[in-house]
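Asker: Build me a model:
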Amino acid sequence: MEESLEKNKMEVIKGLMEMIEEMGMFNDYRKTQRKECFSLVRRIKLLVPLLEDISDDNGDKSIPIEALNCLFNLKKVFVSAKKLLKNCNKGSKIFLAIESEMIMERFHSVYDKLNQALDDIPFDELGIADEVKEQIDLLRTQLRRAKIRTDTQDIELAVDMMVVFSKKDDRNADTAILERLANKLELRTMTDLKVETMAVRKLIKERNGRSTESTQHIIDLLSKFKLVAGVSDSKLLSVLAAPKGLDKCSSLAIPNEFLCPITLEIMSDPVIVASGQTYDRESIQKWFHSDHKTCPKTRQTLSHLSLAPNFALRNLILQWCDKNNFKLPKKEIGLDANSTSNKRKEEICVLIQDLCSSQLDVQIKAVMKIRILSKENPDNRVMIANCGGIPPLVQLLSFPDSNIQEHTVTALLNLSIDEVNKRHIASAGAIPAIIAILQNGKIEARENSAACLFSLSVIDENKVTIGCSNGIPPLVDLLQNGTVRGKKDAATALFNLALNQANKARAIKAGIVKPLLQLLLDRNLGMADEALSILLLVASHPEGRTTIGQLSFIETLVEFIKAGTPKNKECAIAVLLELGKHDSSFILAALQFGVYDHLAEVARSGTNRAQRKSNSLLQLMTKCEHIPQSCLHSPYAHK
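Answerer: Presented below is the predicted three-dimensional model:
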């Protein structure tokens, strides 16, 4: 019996050590969970000395059956942790961003189970060394803190998601937001999108094809990202459905080596590039015509762009198709891409020359055409910049004609979607001129100026430039007095700018709190989430809290916690929590408006994030010395 227990002990410890090693080998985590994944792995690695001590210190002494059961429980926790880390390593980036709250709950569940497993281990009976026990006590403290930590680092990403899914008007600013979101999720290149498509395909398969709201959001957002990258929609998303040639035989699987790495479709004309990789001819030609000089798969710069037919692979594909009664998709014959590209380049060069014309009507026609071209696709945006179009456009921003101002600022908004162009536009001195139009231009020009400032402010140094150029006061004015569209553009720009601490102070000084309160009171605008998200940033600043206290809007906050949408409740509770952490008088005021019962209800039945925020706020209330305990009477407290 003792020999059997000892053998089981050594086997389970060996298994635990191997799992720790395997988890340590994961390194390319998705950006949205990267920090949490590294923290979890680091904490699990702290258990190595404990396992070594248990393995070494029980030579002649049999291990208690209770201790062995604890090791088995620890192994179950490791299995859950490994599965979570693998998901964050290989899963869909869009899914992990949309469901970040649910994923965070899984981390908290692992923390709980790991803490419980460590609590059950009989350290004294196992003769664990004091220094190891101290290390485990420290680890358990870290796990408890991680469980109750209020997470605010994803506010920016959450707001971007909110804007993408809530805006109903298909406007230029939306594309700029998509560009920024694609950067954050690292979904910009064809290779990135190919890997993401496979991950989404696997996710849908795991859900047995069920069409849930989040699945549809993932597919919609993936479709929008391909527009930013210039990838054909049908080719990118066709893998999310059964291939047309497989309708009668759904079980037929195309060999991976027959699929083009760019489109994931079976290749009808495979060709070899200088790196030795094979692609479908049409796909790789489109890649080259977009001014790429690299191999999409390996990312290495190619020594030449010549294509060599892969006859051997093509014969294998044809044999496989004949054997499986599979018809290759027909390729549409289009215009020669090189010829089209050259013609477009000539057209753009002429338009840029016309921007400097002495005739007003010629200038207006040129800037209107560039505005249209810059909206159409990424290639045009790059080509306009490469042909020297940005400096003359920036000069036209100061032209006294209002029509030219409107078309010019909108063209620059479109061009700013390109990450490189953002820097070129700023370095050409556009920001002060855009701010001038924001202050004095017509309403549509002001709105697009606000959207342009938001797009440019994705780059941190541009945030500083906009703040130092006095760009925040006119944005606050647009937030207060603009149209609904103008208010939305201003809110998005102000949120992004306020991520900079100095700009946060500038926004507070410019009077941002008052129009934010107006947005909360006017429910018809549907901008409560945007307002609350900005207020959360403002509440983290001492001057912001002072201003908020003077306006006495706590009752409105409590009303959202009571009867708002699930997202309203999350944001409102987060704002009250931020205020209460610094000044208990805010919490006392909220209690007088009956917030306690509403918080307890959210803690019982709200969304995952709202529950965590509510519980944190309820815990904070119990610790506040100036709050009478008679105010804390909800039957749902400390659930």
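
Asker: and stretch 598-617, how far apart are its ends?
Answerer: Terminal residues of stretch 598-617 are spaced 12 Å apart (C-alpha to C-alpha, to the nearest Å).

Asker: hang on, residue 562 packs against residue 598?
Answerer: Yes: taking contacts as C-beta atoms under 8 Å, residue 562 lies within contact range of residue 598: 4.5 Å. C-beta coordinates here come from the backbone N, C-alpha and C atoms, glycine included.

Asker: So for those two, which sits in the more crowded spot?
Answerer: When neighbours are counted by other C-beta atoms under 10 Å, residue 562 and residue 598 differ, and residue 598 comes out ahead with 24 against 18.

Asker: gap between that one and residue 456?
Answerer: Look at residue 598 and residue 456: by C-beta to C-beta, to the nearest Å, they are 40 Å apart.

Asker: now swap in residue 203 and tell me
Answerer: Residue 203 is 35 Å from residue 456, by C-beta to C-beta.

Asker: Of those two, give the one with the bigger neighbour count.
Answerer: A direct count of neighbours by other C-beta under 10 Å for residue 203 and residue 456 places residue 456 higher, at 28 against 18.

Asker: where's the more buried one relative to residue 35, distance?
Answerer: Distance from residue 456 to residue 35, by C-beta to C-beta: 27 Å.

Asker: Over to residue 404?
Answerer: 47 Å.

Asker: do residue 283 as well
Answerer: 36 Å.

Asker: Among these two, which residue is more densely surrounded?
Answerer: For residue 283 versus residue 35, neighbours defined as other C-beta under 10 Å are more numerous around residue 283 (22 against 12).

Asker: now for the one helix or strand the more buried one maps to, which elements pack on it?
Answerer: Using DSSP states H and E, residue 283 sits in helix 281-289. If contacts are counted by 3 or more C-beta pairs under 8 Å, 6 or more residues apart in numbering; DSSP states H and E, helix 281-289 sits against strand 270-272, helix 337-355.

Asker: what lines up beside the shortest one in the sheet?
Answerer: It refers to strand 270-272. strand 278-280 (antiparallel), strand 308-309 (antiparallel) (DSSP bridges).

Asker: what does the last one rub up against?
Answerer: The one in question is strand 308-309. 269-272 (C-beta atoms under 8 Å, 6 or more residues apart in numbering).

Asker: For PyMOL, what selects the buried ones among those residues?
Answerer: Of these, the buried ones go into a single PyMOL selection, burial set by 16 or more other C-beta atoms under 10 Å:
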select buried, resi 269+270+271+272
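
Asker: Break the protein down into its domains, please.
Answerer: 1-148, 156-240, 256-324, 338-510, 525-638 (the TED database).

Asker: measure the shortest one end to end?
Answerer: The one in question is domain 256-324. 16 Å.

Asker: what separates it from the chain centre, distance-wise?
Answerer: Domain 256-324 sits 31 Å away from the centroid of its parent chain (C-alpha atoms, centre = their mean, to the nearest Å).

Asker: Likewise for the fourth one?
Answerer: Counting by C-alpha atoms, centre = their mean, domain 338-510 is centred 24 Å from the centre of its parent chain.

Asker: Averaged pLDDT, that domain. What do you get?
Answerer: Averaged across domain 338-510, the pLDDT comes to 90.

Asker: what's the answer for stretch 143-160, then?
Answerer: On average, stretch 143-160 scores 59.

Asker: same question, stretch 619-635
Answerer: 63.

Asker: what do you get for stretch 581-600?
Answerer: Stretch 581-600 comes out at a mean pLDDT of 89.

Asker: Buried residues in that stretch, which are they?
Answerer: Neighbour-count burial for stretch 581-600 [16+ other C-beta under 10 Å]: 581, 583-584, 586-591, 593, 595-596, 598-600.

Asker: next one: stretch 267-286
Answerer: 267-273, 275, 277-286.

Asker: ok, longest helix in this structure?
Answerer: helix 65-90 (DSSP state H).

Asker: chain center to it, what's the gap?
Answerer: Averaging C-alpha positions (C-alpha atoms, centre = their mean) puts helix 65-90 28 Å from its chain's average.

Asker: Repeat that for stretch 12-28.
Answerer: 29 Å.

Asker: Just the helices from the stretch 251-400 of the chain, written as ranges.
Answerer: Counting by DSSP state H, counting those that start in this stretch, the segments of the stretch 251-400 of the chain that form helices are 281-289, 311-323, 337-355, 360-376, 378-386, 390-396.

Asker: Residue 199: which of those helices is closest?
Answerer: helix 281-289 (20.2 Å; C-beta to C-beta).

Asker: ok and the closest one relative to helix 337-355, angle-wise?
Answerer: Helix 281-289 runs at 30 degrees relative to helix 337-355, counting by axes from the mean of the first three to the mean of the last three C-alpha atoms, to 10 degrees.

Asker: List the contacts of residue 542.
Answerer: residue 582.

Asker: May I have the helix or strand following the longest helix of the chain as PDB, with CA atoms only?
Answerer: Next in sequence after helix 65-90, counting helices and strands by DSSP H and E, comes helix 93-98. Provided in PDB are the C-alpha atoms of helix 93-98 (Å, rounded to 0.1, in the frame of the first residue of the first chain):
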ATOM      1  CA  LYS A  93      -8.100  37.400 -31.100                       C
ATOM      2  CA  ILE A  94     -11.500  38.900 -31.700                       C
ATOM      3  CA  PHE A  95     -13.300  36.400 -29.500                       C
ATOM      4  CA  LEU A  96     -10.800  37.000 -26.700                       C
ATOM      5  CA  ALA A  97     -11.400  40.700 -27.000                       C
ATOM      6  CA  ILE A  98     -15.200  40.600 -27.200                       C
END
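
Asker: Look at residue 28 and tell me its secondary structure.
Answerer: Residue 28 falls in the coil class when you classify it by DSSP: H, G, I helix; E, B strand; the rest coil.

Asker: Quick check: it touching residue 86?
Answerer: No: look at residue 28 against residue 86 with C-beta under 8 Å: they stay out of range, at 11.5 Å.

Asker: And the two? Which one has more around it.
Answerer: Neighbours around residue 28 and residue 86, counted as other C-beta under 10 Å, are more numerous at residue 86. The numbers are 13 against 9.

Asker: number of nearby residues for the spatially closest residue to the more buried one that is not a sequence neighbour?
Answerer: Counting by C-beta to C-beta, 6 or more residues apart in numbering, residue 26 is the residue found nearest to residue 86 once chain neighbours are left out, at 7.0 Å. Here the count is done by other C-beta under 10 Å, and residue 26 has 16 residues near it.
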